[in-house]
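[1] coordinates only, no sequence provided:
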């Protein structure tokens, strides 16, 4: 299969042989040598010294892994991005405080209970951190804690009281796979990726963007590297990567109170200045890979949607309209039924948005391309007579919608998914 | 059944015996005498002199009514509100121009083809208006034209060329019922209402808020009165009524390029100054009735949702959050499955919105009431043990969600509907 080029992100995505978007290969070329680098689908490249344990503490039923701790040998530079929800969780509020000093030595994640909006949620977080501090010998501010799962239900504290004191001895290296399982809730499978740039490695695990137990979607992403980079540079790179990936993703336009993307470094391997740009590329490519995996594994998803909008009004306008396209219920239902044409797309880009005084769009400047074929141009419908195109709308795992509002301008991109009866069944049960 | 009071709107809604929300009775008490007035479900009260014709011109297949013209004996004061879409239709753009002089003598509506984004859409509108001007002897600027239905397909001009020249002789009074049929596309049935205040009458017909043929949702509403009121006062009252009704409605968060709400008056019946407030109440109540009928007749709808948010941050914040609740895919799917609890509601009110720098909400101030029972208060879940409540979530035709963010403040309201597999099937076919 031919790769699909993301020239604005410097990334190529080559459709894989399997039926899932997560089988696709994400790659990029090093900015100076042009040498190709591919993101591995697995966790081949983990930083030395990163140790992981995972256990079934009883938060989830049925003996499933539901708690994981990942530690570095010592505090290292770290960066993180948290949920913008106006109803944030205690762990989100605490996470922002932890990151204030720019360092972390551990992340701990419990899955099955999000500890949201319960009377004792704040004291429960304090107690968990105390238990972790004691067991792992790591100062509390160096431990980032995340919780995901059911909401409104008090945390089963006895599980943690009993379980945490036995964990440290089970820590081992090259064990991120266990963590990638332990952070899942209703996900259909783990989402992993890693990449090497010489001796510098970068590995990531992710959960979410489907519904969670059965109330909320939460994105949790943990990235680990050995690159010697300071907090400020890591934070800048992470912001750039998150903006290019997770912030462009929507499954159902819901925002969780607990979304977290964190990047920790052992800072053991020097990164020559010329390779800083490479690291930035690799981080962005890995985040794009994980974001696409989330979209394709959203609940009830049968197809991914990728929308781009080129707007002469600039990047924020372009990105907002691209999101409007992938969030349109009409577009999502039509993609599910392989019946999409430009009508719902025009409705989506024309939608008036409170707080934004967008100008009237000039229909004669609008070009709408669907799965590689122009379907609207110069103010009129273009009939596509190619049967391969109809077949592609039916069978391709990613449906691409490209809108141009005029010459020049900026390209905004968004990733989403279709809306199927299975999504409703899963969330109506 | 006990009426449900909308004290902020001065309206009461009494659940009717039938299974549909449109069977409910909307009423209000006159502001001075407190005398009750009920909005009739039908078109009993039509202004004298208002004449209507409806015909099957062949825009729709199968000989269905697809064109209607309603005329006044002479130009009268008029008001209208049009789509805020950034991709407006030619009829929307032209409609705004027509209303600039504050008068109308006729409205004409074609259904089955929206004349949107076709190369000749502008000249097609011009030609239709010329045909209407000639046939009905009414100056072009006095004729408001609306078109709804398929998009991207050129108007079948021959239908109009042949059909319009035979229409004027079929005009007759007390014939709005025919128009209420002719403006429908995929609606499950006509939406009508009327009311009398002494000799002053007010009648309305509406279509839409389901999907249309199969691409777009369009709201079309035409209101007629005999009250002697000038354009400015009519426009002010209509804005107030639309803000309290149609602007609070969302079926699928899509905006049509052609939405139109118009109010025309024969201006033959004096309205004593003390009755101006009554007229305003009646207009608002009629618009609320028609908006609720649209929500309950949206495609695939099994239940209506009504959300209120009381916000100390003021009315715009309260209204925006109420809309976020009814537009939440999670809330809609859970209402469909009769499985709603406060989780998706918190997610919806917590959603960060571009362009609005909302503060973090204080969970201890949040009260969430669902179908008459508090389910979240003082920072914690309230367990409802009443089996009648579960039964109500399953069988009531309107699910009411009431959120309070703190003491005092403003009440925002929004009407919506659930999301069912049938909606997807209808729009994926």
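    The structure has been received and is ready for your questions. Predicted model, so just to flag it, every value in this text is computed and none were measured.
[2] separation between residue A:314 and residue A:412?
    For residue A:314, the distance to residue A:412 equals 9 Å [Cβ to Cβ, to the nearest Å]. No exception for glycine: its C-beta is placed from N, CA and C like everyone else's.
[3] of those two, who's got more company?
    For residue A:314 versus residue A:412, the count of surrounding residues by other Cβ atoms under 10 Å in any protein chain shown is larger for residue A:412: 24 against 11.
[4] you'd agree the more buried one is in a strand?
    Yes: remark: residue A:412 belongs to a strand, assigned using DSSP: H, G, I helix; E, B strand; the rest coil.
[5] just the helices in the stretch 51-200 of chain A please.
    Ranges of helices in the stretch 51-200 of chain A, per DSSP state H, counting those that start in this stretch, are A:90-98, A:121-136, A:157-163, A:176-182.
[6] return the most buried member of the ones you listed.
    Here the criterion is mean neighbour count by mean count of other Cβ atoms under 10 Å in any protein chain shown, and of the helices of the stretch 51-200 of chain A the winner is helix A:176-182, at a mean of 23.
[7] tell me how far that one lies from the chain's centre.
    Offset of helix A:176-182 from its chain centre (Cα atoms, centre = their mean, to the nearest Å): 16 Å.
[8] run through the neighbouring helices and strands of it.
    Here helix A:176-182 touches strand A:51-55, strand A:67-82, strand A:103-113, strand A:191-197, strand A:200-207, going by 3 or more Cβ pairs under 8 Å, 6 or more residues apart in numbering or on different chains; DSSP states H and E.
[9] quick check: closest non-adjacent residue to the closest residue to chain B within the stretch 201-350 of chain A.
    The shortest separation between the stretch 201-350 of chain A and chain B is 2.5 Å, found at residue A:337 (distances taken as Cβ to the nearest Cβ). Ranked by Cβ to Cβ, 6 or more residues apart in numbering or on different chains and with sequence neighbours excluded, the top spatial neighbour of residue A:337 is residue B:428, at 2.5 Å.
[10] from residue A:350, how far off is that neighbour?
    Between residue B:428 and residue A:350 the distance, using Cβ to Cβ, works out to 22 Å.
[11] which parts of the stretch 201-350 of chain A are helices?
    If DSSP H, counting those that start in this stretch is used as the criterion, the helices of the stretch 201-350 of chain A fall at A:231-244, A:273-296, A:315-327, A:329-336, A:342-350.
[12] how does chain A divide up, domain by domain?
    What the record gives for chain A is the domain set A:12-296, A:304-427, from automatic domain parsing.
[13] got a markdown table for those domains, with distance to residue B:124 and mean pLDDT too?
    Compiled in a markdown table, the domains of chain A are given as follows (distance: least, Cβ to Cβ, whole Å; pLDDT from 0 to 100):
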| stretch | distance to residue B:124 | mean pLDDT |
| --- | --- | --- |
| domain A:12-296 | 36 | 90 |
| domain A:304-427 | 13 | 90 |
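[14] mind checking those domains for the one nearest to residue B:294?
    Proximity of those to residue B:294 was assessed by Cβ to Cβ; the nearest stretch is domain A:304-427, lying at 16.2 Å.
[15] how far does the closest one sit from its chain's centre?
    What separates the centre of domain A:304-427 from the centre of its chain is 21 Å, taken as Cα atoms, centre = their mean.
[16] same check, this time on stretch A:230-247
    For stretch A:230-247, the distance between its averaged C-alpha position and the chain's averaged C-alpha position is 12 Å (Cα atoms, centre = their mean).
[17] likewise stretch A:136-155?
    A distance of 20 Å separates the centroid of the chain from that of stretch A:136-155, by Cα atoms, centre = their mean.
[18] what do you get for stretch A:142-158?
    Relative to its parent chain, stretch A:142-158 has a centroid offset of 21 Å by Cα atoms, centre = their mean.
[19] list the buried ones in it?
    Within stretch A:142-158, the residues that qualify as buried are A:142-153, A:155-156, counting by 16 or more other Cβ atoms under 10 Å in any protein chain shown.
[20] put together TSV for the helices and strands packed on helix A:176-182, with mean neighbour count on each row.
    Rendered in TSV, the data for the helices and strands packed on helix A:176-182 read as follows (neighbours: other Cβ atoms under 10 Å in any protein chain shown):
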stretch	mean neighbour count
strand A:51-55	22
strand A:67-82	23
strand A:103-113	25
strand A:191-197	23
strand A:200-207	26
